[in-house]
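Asker: Sharing a model prediction with you, sequence too.
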Amino acid sequence: MFQMTATELLVKILSGEIDPRALAAEEMANRGLDATGKWVGLKRASEIYGYGGGEI
């Protein structure tokens with residue numbers, strides 16, 4: 001899973017500078033998915049995670 005991940009990103013995750021759960025939540029919101037991977041739309045996903053926003 002992390003073979004393609006930049007070393008700098010891994011270092012920041014390990015040091016606590018970056019929260020991987022927050023990164024995942026933001027990406028799920030940007031994809032319009034809920035926590036189970038179900039499409040719920042961009043607006044609903046942004047409400048769930050507090051990231052992204054609105055309709056296209």
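Answerer: The structure has been received and is ready for your questions.
Asker: what does the longest helix seen in the chain rub up against?
Answerer: The helix spanning the most residues in the chain, taking DSSP state H as the definition, is helix 20-31. Helix 20-31 is contacted by residues 13, 34-35, 42, 45-46, 48-52 when judged by Cβ atoms under 8 Å, 6 or more residues apart in numbering. All C-beta spots, glycine's among them, are computed from the backbone N, C-alpha and C.
Asker: could you pull out the helices for this protein?
Answerer: Counting by DSSP H, the segments of the chain that form helices are 7-15, 20-31, 42-49.
Asker: For Arg44, give me its contacts.
Answerer: With contacts defined as Cβ under 8 Å, 6+ apart, Arg44 is in contact with 32, 34.
Asker: Around Ile48, how many other residues sit close by?
Answerer: Summarising burial for Ile48: neighbours were counted as other Cβ atoms under 10 Å, giving 16.
Asker: repeat for Glu27
Answerer: As a burial measure, the neighbour count of Glu27 was computed by other Cβ under 10 Å and equals 13.
Asker: In CSV: the helices of the chain, plus mean pLDDT and distance to Met1.
Answerer: Rendered in CSV, the data for those read as follows (pLDDT from 0 to 100; distance: least, Cβ to Cβ, whole Å):
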stretch, mean pLDDT, distance to Met1
helix 7-15, 95, 11
helix 20-31, 94, 11
helix 42-49, 95, 21
